[in-house]
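**Student:** With the sequence up front, the predicted model follows.
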Amino acid sequence: MFEGFILAVQAFVAAYGFGGVFVIAVLESFIFPVPTATIVAPVTALGADPFIVAVIATIGSVIGGVVGYYLGDRIGRPVAEKLFKEKHIKKVEQWYEKYGAWAVLIAAFSPVPFKVFTWFSGICELGIKKFLIASIIGRTAQFFIAAYVGSFVGPWLLGFFGL
């Protein structure tokens, strides 16, 4: 399984380079199911510059987050009602009432699906400035950690598995 994933990432990087990282980061922030960090670390393990990869992933993710925010603001409540039970929607709304931008910051940094929080930031009418600041801080931290861990540990792992 590990070898198949590495080969897929190698093919992806060879075909699309940094542009592919950017597109995945944009899409992952509002719709795509694969977390960006699962691409960032292997790309840097394969030799891409971790600083550049982290910056590209952050910019793409924040742009995608803004798309999710505006989708949430415009069409989010009806979509959320079709996807989630009302009790879950109420729970997220309570988080926003209690934590506001901190909820976004935690989601942006952690493995929690960020796309849910981009949409709900629009649904719950979190201010766009608060949303952007929390997203930039959280995504920057997550992607720089993933990029540098990938660049430092990745080559060892690749050697360990004979790849």
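**Tutor:** Everything's here; your move.
**Student:** Tell me the spacing between residue 14 and residue 79.
**Tutor:** 36 Å (CB to CB, to the nearest Å). (Glycine included, C-beta is placed from N, CA and C.)
**Student:** With neighbour numbers in mind, choose between the two.
**Tutor:** Shown here are residue 14 and residue 79; by other CB atoms under 10 Å, residue 79 has more neighbours (14 against 10).
**Student:** Need phi/psi at the more buried one.
**Tutor:** Here is the backbone geometry of residue 79 (degrees, to the nearest 10): phi -70, psi -40.
**Student:** Equivalent analysis for residue 110, please.
**Tutor:** Here residue 110 shows phi and psi, under degrees, to the nearest 10, equal to phi -100, psi 180.
**Student:** Just the pLDDT for residue 82.
**Tutor:** If you check residue 82, the pLDDT there is 90.
**Student:** before we move on, which element is it in?
**Tutor:** Assigned by DSSP states H and E, residue 82 belongs to helix 77-83.
**Student:** counting contacts, what elements does that helix pack onto?
**Tutor:** Packing partners of helix 77-83 (3 or more CB pairs under 8 Å, 6 or more residues apart in numbering; DSSP states H and E): helix 114-123.
**Student:** Thanks a lot, see you next time.
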